[in-house]
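[1] Provided below are the primary sequence and the corresponding predicted coordinates.
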Amino acid sequence: MHDMPPPLPDAQLTLRATLPIKPEPVELAGRWVRLAPLDVARDAAALYAISNGEAITLPGLEYGAYDADALVWRWMFGGPYATPQEFAASLHAQANAPDGLPFTVSLVETGQAVGLINLMRNNPGWLSIELGGIWYTPPVQRSPVNTESTYLLLRHCFGLGYRRVEWKCNALNERSRRAAERMGFKFEGIQEKHMIIKNRGRDTAWFRILDDEGPDVQRHLERLLYGNC
């Protein structure tokens, strides 16, 4: 027989009723990346150009023709996209999610869009939220871009008062699983037969960071990104 945990502090109980279901727009910037709420009219063409498999010839982002499914879209809910219109429709769906907010990730130095990251499955009643729908163009996939984007959003979410930030991915997506653990997310297990994506069954690997773990994770990410500064 276990005793019930004590009620949450009044401040957290108040947040449950005041945080919006659709996250409030905000712009976040670090040393390498800037996150701005997705504007489909502004961002769709640039995002499509860096994710459709054609050679990339932008300053500082030169990259030959590539397999867009293998390098960008294989583990995502959609894509590859055959046309800019199909791609834009997928962006509209993310922008209009009632419990989510997508961010276009751009390089601070050049302003060039390099990917997308979402706050999603926001549940203010439980003070939990997820980072997901994350992809980056191949030239920046082994750079600080993903780590700093994650760092900025974790700091933002815990600053708002969330108790739990989640990261989920296809259990077969070893690269995403390694990235989550490298950045400080803790593995919670596999939810089997969780989804059907692209006509295939998906087992989902669950990861999370809790609010009382947040400061240590933040320091860990700062060391990864900025050294001892």
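    That came in fine, so what should we check first? Residues are numbered from 1 along each chain as shown.

[2] okay, CA-based contacts and neighbour counts for the rest of this
    Noted.

[3] which parts of the host helix or strand of residue 220 are buried?
    For residue 220, the element it lies in under DSSP states H and E is helix 214-226. Across helix 214-226, burial judged by 16 or more other CA atoms under 10 Å covers 214, 217-218, 220-222, 225.

[4] list the contacts of stretch 202-222.
    Residues outside stretch 202-222 that contact it (CA atoms under 8 Å, 6 or more residues apart in numbering): 147-148, 151, 154-155, 158, 162-172, 177, 180, 183-196, 228.

[5] can you give me the helices for this protein?
    Along the chain, the stretches classed as helices by DSSP state H are 10-18, 40-49, 68, 84-95, 145-160, 174-182, 214-226.

[6] quick check: closest non-adjacent residue to residue 206.
    Among residues not flanking residue 206 along the chain, residue 168 sits closest, at 4.8 Å (CA to CA, 6 or more residues apart in numbering).

[7] can you report how many residues lie near that neighbour?
    19 (other CA atoms under 10 Å).

[8] for residue 62, same thing?
    Neighbours of residue 62 (other CA under 10 Å): 12.

[9] check it and give its pLDDT.
    At residue 62, the pLDDT value in this model is 94.

[10] return the distance of the residue nearest to it when sequence neighbours are not counted relative to residue 198.
    Closest residue to residue 62 apart from its sequence neighbours, by CA to CA, 6+ apart: residue 56 at 5.2 Å. As judged by CA to CA, to the nearest Å, residue 56 and residue 198 stand 27 Å apart.

[11] shaky segments in the chain?
    228-229 (pLDDT under 70).

[12] would you confirm that residue 26 contacts residue 38?
    No - contact criterion CA atoms under 8 Å: residue 26 and residue 38 do not qualify, at 10.6 Å.

[13] more neighbours: which of the two?
    More neighbours surround residue 38 than the other of residue 26 and residue 38, with 22 against 11 (other CA under 10 Å).

[14] my guess is that one contacts residue 97. True?
    No - the pair residue 38 / residue 97 is not scored as a contact, 12.0 Å apart, by CA under 8 Å.

[15] tell me which of the helices of the chain lies nearest to residue 32.
    With CA to CA as the criterion, residue 32 lies closest to helix 145-160 of the helices of the chain, at 6.7 Å.

[16] quick check: buried residues in that closest one?
    145-154, 157-158.

[17] as JSON lines, the residues you listed with distance to residue 116 would be great.
    Listed next are the buried residues of helix 145-160 as JSON lines, based on distance: CA to CA, whole Å:
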{"residue": "145", "distance to residue 116": "11"}
{"residue": "146", "distance to residue 116": "10"}
{"residue": "147", "distance to residue 116": "13"}
{"residue": "148", "distance to residue 116": "13"}
{"residue": "149", "distance to residue 116": "10"}
{"residue": "150", "distance to residue 116": "11"}
{"residue": "151", "distance to residue 116": "14"}
{"residue": "152", "distance to residue 116": "14"}
{"residue": "153", "distance to residue 116": "12"}
{"residue": "154", "distance to residue 116": "15"}
{"residue": "157", "distance to residue 116": "17"}
{"residue": "158", "distance to residue 116": "20"}
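
[18] which of the residues you listed lies closest to residue 80?
    Of the buried residues of helix 145-160, the one sitting nearest to residue 80 (CA to CA) turns out to be residue 146, at 20.4 Å.

[19] please list all residues in contact with the closest one.
    residue 136.

[20] please repeat the previous calculation with a cut-off of 10 Å.
    33, 105, 115-117, 134-136, 140, 152, 179, 183 (CA atoms under 10 Å, 6 or more residues apart in numbering).
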